[in-house]
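S.K.: I need the structure of the sequence given here:
(8 chains)
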8 protein chains.
Amino acid sequence: VDFELDHERPRRTGVPEAILCEHKSAAQIDAILATARAEGRRLLLTRLSPGGHATLTSSADLDYDPLSRTAVLGGPVEPLHPGAGIVTAGTSDLPVAREAARALAFNGFEAPIIADVGVAGLWRLTRRLEEIRRWKVVIAVAGMEGALFSVVGGLLAAPVIALPTSVGYGVAQGGTTALHAALAGCAPGVVVVNIDNGFGAAAAAIKILKALQP
Amino acid sequence: VDFELDHERPRRTGVPEAILCEHKSAAQIDAILATARAEGRRLLLTRLSPGGHATLTSSADLDYDPLSRTAVLGGPVEPLHPGAGIVTAGTSDLPVAREAARALAFNGFEAPIIADVGVAGLWRLTRRLEEIRRWKVVIAVAGMEGALFSVVGGLLAAPVIALPTSVGYGVAQGGTTALHAALAGCAPGVVVVNIDNGFGAAAAAIKILKALQP
Amino acid sequence: VDFELDHERPRRTGVPEAILCEHKSAAQIDAILATARAEGRRLLLTRLSPGGHATLTSSADLDYDPLSRTAVLGGPVEPLHPGAGIVTAGTSDLPVAREAARALAFNGFEAPIIADVGVAGLWRLTRRLEEIRRWKVVIAVAGMEGALFSVVGGLLAAPVIALPTSVGYGVAQGGTTALHAALAGCAPGVVVVNIDNGFGAAAAAIKILKALQP
Amino acid sequence: VDFELDHERPRRTGVPEAILCEHKSAAQIDAILATARAEGRRLLLTRLSPGGHATLTSSADLDYDPLSRTAVLGGPVEPLHPGAGIVTAGTSDLPVAREAARALAFNGFEAPIIADVGVAGLWRLTRRLEEIRRWKVVIAVAGMEGALFSVVGGLLAAPVIALPTSVGYGVAQGGTTALHAALAGCAPGVVVVNIDNGFGAAAAAIKILKALQP
Amino acid sequence: VDFELDHERPRRTGVPEAILCEHKSAAQIDAILATARAEGRRLLLTRLSPGGHATLTSSADLDYDPLSRTAVLGGPVEPLHPGAGIVTAGTSDLPVAREAARALAFNGFEAPIIADVGVAGLWRLTRRLEEIRRWKVVIAVAGMEGALFSVVGGLLAAPVIALPTSVGYGVAQGGTTALHAALAGCAPGVVVVNIDNGFGAAAAAIKILKALQP
Amino acid sequence: VDFELDHERPRRTGVPEAILCEHKSAAQIDAILATARAEGRRLLLTRLSPGGHATLTSSADLDYDPLSRTAVLGGPVEPLHPGAGIVTAGTSDLPVAREAARALAFNGFEAPIIADVGVAGLWRLTRRLEEIRRWKVVIAVAGMEGALFSVVGGLLAAPVIALPTSVGYGVAQGGTTALHAALAGCAPGVVVVNIDNGFGAAAAAIKILKALQP
Amino acid sequence: VDFELDHERPRRTGVPEAILCEHKSAAQIDAILATARAEGRRLLLTRLSPGGHATLTSSADLDYDPLSRTAVLGGPVEPLHPGAGIVTAGTSDLPVAREAARALAFNGFEAPIIADVGVAGLWRLTRRLEEIRRWKVVIAVAGMEGALFSVVGGLLAAPVIALPTSVGYGVAQGGTTALHAALAGCAPGVVVVNIDNGFGAAAAAIKILKALQP
Amino acid sequence: VDFELDHERPRRTGVPEAILCEHKSAAQIDAILATARAEGRRLLLTRLSPGGHATLTSSADLDYDPLSRTAVLGGPVEPLHPGAGIVTAGTSDLPVAREAARALAFNGFEAPIIADVGVAGLWRLTRRLEEIRRWKVVIAVAGMEGALFSVVGGLLAAPVIALPTSVGYGVAQGGTTALHAALAGCAPGVVVVNIDNGFGAAAAAIKILKALQP
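M.R.: Residues are numbered from 1 along each chain as shown, chains lettered A, B, ... in the order given. Here you go, the predicted model:
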């Protein structure tokens, strides 16, 4: 067999792996789903395009969200624990933000999204600041020049996870400018994950939130 | 005046700014130190080369560490709170690791360093694993190919802050390979700071540790 | 004529050339196949997409494998010589791993594949280690951050051929991070081939295995 | 002769050329100065290092500023016209900011500098906003992640000239991250010049201010 | 709600935001248009591909231009104020030039386009020079090697906004060469916006033209 | 302690680690040498500059070679086993070639060097071909455009280890062009190590030569 | 009008411009063709894809070659002058080689192509050397690692125009490795044009051949 | 011996090799000079810094030029043949231009230099145009944005060899922007050599001039 579910990882790290579908064939994903169903396990799939979702042999039991290109096998967890929250610079950052929110929900954590508060219009952000200050971990999502990361990091006592996105064109194409801005800023306590890696940002938030639990 | 100490930042973020000396003239650093002394404030200086340290007008009251190129004005904090720990891939990563440890100590947190446990000799790491598992936040420091980040991230429930260093040559020169490896790995919950940014890794650890405090 | 089969190369290097189909038109590939059939020669084709395969004038005598995008003209060689083996970090690395395995088989060498043993779950790798240690040459296949190369290189006496893949996104997109990790690691005796170059890894393994033969 | 002063350029563009000293030998700079003295012309020299300045044959009539590495031959212009202003993200950006201010003064324009108002401490910027709003052209100077450009551009009706600096390390080394952030932001009406190009920012401000004059 | 029109931005910066459609779903764009219609506001949409335009639920009241991929909701402004003008190096730069011209017209400014005056045929440019000298702000549009920016910047007293395009192949692919040429030239007073950012060039021109108004 | 000699690595991989001195302080290197002396072990040091060598506390028992910047503690091994050989494109590639030869000798293998046979003068290479064909493993060393790798790889049945160097300027500066040429060539069985990594090329050759031993 | 044929260029440079179709709409190309027909002029079109060719309003009088994606309006020139010749490293380089050959023919020069003589099989090249030595200008076409340029440049007294192609994958993707190899080689008298720029290589050859004519 | 003079190269290519001194030790250069003196041969050395020149054991018979960092062993050739000429964009490009001129003179060709005619001041170039049009081969030297290449290439019937230099800073640092501009321009018949490669430009000019000789 070319694949088996890794039951060791959640035991050791507290976070089960997600199935990254982008480079996998439909046959491979079908096989992984079959294994999970046979073992009665829940599963999170990421970067599953609508086209890829449509070609799966069996997807009726998947909760699929085309905007974030995520699918959940095995139904929701309830109730969700509070503590995390997400801000986005623009409307176009929502797919990545939702991948993070869905990964948090899959693991039992709630994550409200405050969208479109990029710093070119600083007033949009500052009027929501009180709400944001209530979160124990903040995921900030931005593409283009990624100025949101520094501004948010300089205003909050909570750890800020910068989640750069590939939204943009010209020098911003592919997300490198937002990534580098996240890394190069001097606001204290901003940490960074890979471009468009909503799941990774969620996994980090989950580890921090679990450490907070007594 | 071209400079004033930012008393607002520690109040809002919980972490006072450090003075990055690399691009500043001796006259600028002298002026900043004079202000801090006049206000009776403690201060952390980073990336202060031995040569730069030697040209300061007044440095007798600085605790200067040439390996990490950091200086502290205002003496130590005691006792230090436990919770963080640092692992490094090689001996050459120690300067950056010590910048992080000194920044944590400046802010009242202890951070033991376990050095030279890079994954090309996996047995070095695994025999220290029990000790590492006791930490609530782990800073992993590595240059070259940065494989340490994925291995550590896959073995621990604690959040792992990857701190890539510029140690290496050829394609590793400047630290970009270690940085990209930190970002591209799939071990859950690994977050990343800029190359050689020991202070930034410490600041993130401090924010997390403060959130853990009841 | 724009093309002729190079009978000199196998005589000098011990490895016949493969036909890289990616930048060739269907007419060019058809002509090459016709020449090989006329001369009664076996031929390996690489990077032949399913679409490209479908547009060939005559392909009934080809053994085509869509996962690895390889085709063989002229049937199998038997029996295969043992000595090589392949490990992959993930399921998504299998197409490239299979290109290497098929190229080895085309040249008369067996190459079992142990898939999905990436180092974010170190336990997957270590439990297969005894098996891996039996091989005389190891091809390690990984995309994303490529940490597998260093870990494997540090555990084995056999030469390790690192075969980076383009699996990944963000900073890993295109395979450069895995390639650079392969080159920058300090595990001794790891050598590297181009991204996704399964044929090249196989050719190197073949040269080493042939040197081993008395 | 290898050089002659270009009297045509100021007539056509309204801005005389500055002598970029970085790639010129002391002999070349000496010859240029001699020509200007002989013709009785004022001259601005940029990127003239203290070492380079010290090796000139004759520099007694130069007004040399080591922080900005600029020298002026021919004395000041008085009085200076108001209209431009400069903000910097950090103390380390002052050398470049002063190159711009000195170039503006050389051409008869005043340019006050408000330093150290980077957005990681947003309150520093907002309390100076009223003052900044009085300027007709704003030069914003920042290295590292360059978030200042978007925030300032989103708050002002005046054209904003982003002047990225090479202040920073890791991914910010050399100024590319600040440059790309300046280009990729979506605050309207932000235009950009080359990294560390204080003279270029000044030249653009001069052209705009001249257009404003009736 | 994930989106609301930003009425604060035009009040503060003098330029309303444009809706960048490239990374938005048809549903998101439909929602934004509905909001604007409900509030009775004019709106400019950029980077709206013909395919994207065709999938909008309601587009009958949009003035759509497929060449520049821009759409205007709310009809034209009349009469247009003169002052700006646009030159392009080639015919292929026209889509970006028209995005700038349409953005200027949306904000009430006229901007004639003189196309195909690239410097490989210098005579084409020089015979139109008198006409170009009448403009108060010049937008220069060029891809490939971007030599137009330096030549135009050296001939005019007006501020020149360099607008690099992604026209080209090989080393010019994506527009980086034209962008870097714009930044690296030594013609005084040339300022630069992101690759293909016609709207940004227009916004800068608008801010300058508004400053010119008494 | 921050360092201990890794006795496990040679046992597992057949190749002892070398001490990379470039990023280590003199104090760190002194401590490592003291440990080796105390344990009576031989040691290879690489990238030890003449200046660094001069500042060591005790170096009388080191065999130091300034051209290759290598030092050996513990004396030579005799007799050396034949099998490997080295070719270089130019005289300037000799320092890296000698690092490889010295590392091979440290491990008991002989490696003659044939220098200055770059392919711009093909006749230099072809007249030495008979000699080169006797080697079982070939290390090819080249900077600049690295054309030597493809030519040698296409002429030999032995495995070829391409060792790119940082010799060159302009687009060749730093060795990336030679590295990429080594990876992108289509001569079969060429494998690659990091730029200037003479030790790594030797380690790979050692592993192959050990596998050849009955 | 947005376009007019440049009759000045051929008069001044000896080479008429070609119409680069890649970034032009069908409507723009149709208009250009109509102008040329009306003026009775011959025209060369490059980078015209089969799809683009098919959508032209009128193309019956075009001599279209899909392999090189070139079209000629106005018929052939006869007889062709000898002097130039083309060698290619592989079959996949033929489209670019043919663009050069067609551009030479359009301007009245003959250019035979010797294909598939890449240096991984050096014997293919050397057996054609006598033929190649008869040409007065040689265009060498290669992708991947571009080793052909150095080998050919070192064997010939004629000027060699290196024409790198985008053939390749991994580090060779896009042609940058071949381009850099062409620039970094030390064979004397090799000059380079942009990746895939068959027309540019032809234009340079034409200028040289015209200078040769008495 | 590690080095011998290549007497074959001038016989085959018409251009003797130059000794690139940058990566060679003084001992290596001394040995090469001794060989040449013993054989009674003339020799050209390039990239020999003043410091390197000073440390040679014997240099009294060298004609050394510190500006171009070139040395000639064996005296001048007389008379020089006309046909080539050099234009430079700025005074800072003169060292590279002189390397080309000295290499041409070493081989018996005259090459006058017209300096400081960069296109930001187009009038400087156009007034020298008649003189430039007399040359049969033109070497154009420019750093920064390299706009000179396109303008000159569009005005001349002679082949233009673009010689980009590393003059510049920010995005122009290292010469890549000038190099890419040279490659990406659409002026016909411009060919390019490596950054700062004055010798290479001269070698190409020599090959063309020799082909012109009856």
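S.K.: My understanding was that A:L183 contacts D:Y169; is that so?
M.R.: No: with contact defined as C-beta atoms under 8 Å, A:L183 does not count as touching D:Y169 (10.5 Å). All C-beta spots, glycine's among them, are computed from the backbone N, C-alpha and C.
S.K.: So which of the two has more stuff around it?
M.R.: A:L183 (30 against 21; other C-beta atoms under 10 Å in any protein chain shown).
S.K.: Tell me which helix or strand the more buried one sits in.
M.R.: Per DSSP states H and E, A:L183 falls inside helix A:176-184.
S.K.: helices or strands next to that helix in the packing?
M.R.: Judged by 3 or more C-beta pairs under 8 Å, 6 or more residues apart in numbering or on different chains; DSSP states H and E, helix A:176-184 is in contact with helix A:147-153, strand A:160-164, strand A:190-192, helix D:176-184.
S.K.: Reformat those as CSV; add mean pLDDT.
M.R.: Listed next are those as CSV, based on pLDDT from 0 to 100:
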stretch, mean pLDDT
helix A:147-153, 96
strand A:160-164, 98
strand A:190-192, 98
helix D:176-184, 98
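S.K.: Let me have these in CSV, adding distance to E:G175 as columns.
M.R.: Shown next, in CSV, are those (distance: least, C-beta to C-beta, whole Å):
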stretch, distance to E:G175
helix A:147-153, 22
strand A:160-164, 21
strand A:190-192, 27
helix D:176-184, 11
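S.K.: So A:G121 versus E:I208, what's the distance?
M.R.: 22 Å (C-beta to C-beta, to the nearest Å).
S.K.: more neighbours, these two?
M.R.: E:I208 (27 against 23).
S.K.: give the contact list for the more buried one.
M.R.: By C-beta atoms under 8 Å, 6 or more residues apart in numbering or on different chains, E:I208 lies in contact with D:159, D:208, D:211, E:136-137, E:159.
S.K.: what does chain A put close to chain B?
M.R.: Counting by C-beta under 8 Å from any C-beta of the partner chain, the residues of chain A close to chain B are A:9, A:12-15, A:17, A:20, A:136-137, A:153-159, A:161, A:179, A:183-184, A:186-195, A:197, A:200, A:203-204, A:206-208, A:210-212.
S.K.: can you do 6 Å?
M.R.: Contacts of chain A with chain B, taken as C-beta under 6 Å from any C-beta of the partner chain, map to A:12-15, A:136, A:155, A:157, A:159, A:183-184, A:188-189, A:191-192, A:194, A:203-204, A:207-208, A:211-212.
S.K.: Please list only the buried members of the residues you listed.
M.R.: Among those, the ones that count as buried by 16 or more other C-beta atoms under 10 Å in any protein chain shown are A:12-15, A:136, A:155, A:157, A:159, A:183-184, A:188-189, A:191-192, A:194, A:203-204, A:207-208, A:211-212.
S.K.: Identify those among the residues you listed that sit within strands.
M.R.: Among those, the members found in strands (DSSP state E) are A:191-192.
S.K.: Go through the buried ones among the residues of chain A next to chain B and flag which are in helices.
M.R.: A:12-13, A:183-184, A:203-204, A:207-208, A:211-212 (DSSP state H).
S.K.: Disregarding residues adjacent in the polypeptide, which is nearest to A:P164?
M.R.: Excluding the flanking residues, the one nearest A:P164 by C-beta to C-beta, 6 or more residues apart in numbering or on different chains is A:A178, at 3.6 Å.
S.K.: Enumerate every residue touching that neighbour.
M.R.: Applying C-beta atoms under 6 Å, 6 or more residues apart in numbering or on different chains, we find A:A178 in contact with A:142-143, A:146, A:164.
S.K.: can I get the residues you listed in CSV with neighbour count?
M.R.: Listed next are these as CSV, based on neighbours: other C-beta atoms under 10 Å in any protein chain shown:
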residue, neighbour count
A:A142, 31
A:G143, 32
A:G146, 40
A:P164, 35
